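Peer 1: A predicted structure for the sequence below; I have some questions about it.
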Amino acid sequence: MTDKSCFVIAPIGAPDSDTRKRSDVILKYLIRPAVGACGYNAMRADEMPEPGMITSQVIQRILDDPLVVADLTEHNANVFYELALRHAIRKPLVQLIAKGERIPFDVAGMRTIAVDHRDIESVEAAKTQIVDQIKAMERPEATVDTPVTMSVDIHTLQSSHKPVERSLADILSAISELRSAVFAIDQRLTEGSSNTVLDRLGSDENLLRNVLVQRSMRSMDGKRLRELFFNASPSARGIFLEDEAVLARMFPESVTTTPAENPARTDADSKKGALGTE
């Protein structure tokens, strides 16, 4: 029997609106089955039966329920207000968004599940991800970090009289900024805004290296990678050549592994040498 509460933050919209229809489908066919499999009973604000001020009841559920699922689709202002409350208290939450919509920068560091409610396979994949996230958050050692709690932790450490804690604050701040920067580049690569991406990647070798570490570029096709390569700065080009997975996509005709038999690698090495990137 499901006896644990899960509050659903979502754009609801007017009756018969496209927003309401999508929200109902997401609730019925995605959120309820997924959280129900983990022992939770999902409820959205418009389903609350208690009399009284709805805003107070919503806030109470956001603060008290052991789990919250937030649908960020359409970038609804009420959703983000309510999401911020949940972010502040370090309690379990799962974030969703319609596939193809951009995740707002302020919550870019949080894992967000993209789903197309019209695609059965996408919905099934999202169910699995929701269940996996809930199970991970229910582990005894699990912690919930959000942009709000990260900022609070950093501020606390920065105010410390201990040099070690102040240094840790600097490290955490740098990690937070790097995560956001890598996510922003990944979004731009996905969206194909080539000029902005090429300018940014060509001028910042460190960000490019971190994008490679995050595997953001390893799924790109060879043509796109070659475009990035030839528009990057000379020092940044060397990073492309250091990554075997990226190199293989840039030069798919290479089928052997030895330098003598690999014309693509030989060609890449010649470019590398000519650019002074050895």
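Peer 2: All right, it came through fine.
Peer 1: C-alpha only now, for contacts and for neighbours.
Peer 2: OK.
Peer 1: what about the strands in this structure?
Peer 2: Assigned strands in the chain, in chain order: 4-9, 40-44, 67-71, 93-98, 112-115 (criterion: DSSP state E).
Peer 1: in CSV, list those strands along with mean neighbour count, distance to residue 170 and mean pLDDT.
Peer 2: Shown next, in CSV, are the strands of the chain (neighbours: other CA atoms under 10 Å; distance: least, CA to CA, whole Å; pLDDT from 0 to 100):
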stretch, mean neighbour count, distance to residue 170, mean pLDDT
strand 4-9, 22, 33, 96
strand 40-44, 20, 39, 96
strand 67-71, 25, 30, 97
strand 93-98, 21, 27, 96
strand 112-115, 21, 26, 94
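Peer 1: so for residue 79, which of those strands sits nearest?
Peer 2: strand 4-9 (6.0 Å; CA to CA).
Peer 1: figure out which of the strands of the chain is closest to residue 152.
Peer 2: Closest to residue 152 of these, according to CA to CA: strand 93-98, at 18.3 Å.
Peer 1: got the contact list for residue 166?
Peer 2: Each residue near residue 166 by CA atoms under 8 Å, 6 or more residues apart in numbering is listed here: 157-160.
Peer 1: could you report the distance from it to residue 148?
Peer 2: Using CA to CA, to the nearest Å, one gets 18 Å for the distance from residue 166 to residue 148.
Peer 1: coming back round to it: okay, the strands of the chain in a markdown table with distance to residue 225 next?
Peer 2: Converted to a markdown table, the strands of the chain look like this (distance: least, CA to CA, whole Å):
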| stretch | distance to residue 225 |
| --- | --- |
| strand 4-9 | 39 |
| strand 40-44 | 44 |
| strand 67-71 | 33 |
| strand 93-98 | 27 |
| strand 112-115 | 25 |
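Peer 1: tell me which of these sits nearest to residue 15.
Peer 2: In terms of CA to CA, the element of these nearest to residue 15 is strand 40-44, at 14.5 Å.
Peer 1: that closest one pairs with which strands?
Peer 2: Neighbouring strands of strand 40-44 in its sheet, by DSSP bridges, are strand 4-9 (parallel).
Peer 1: hmm, who's touching the partner strand?
Peer 2: Contact with strand 4-9 is made by 35, 39-45, 61-62, 65-71, 79, 82-83, as judged by CA under 8 Å, 6+ apart.
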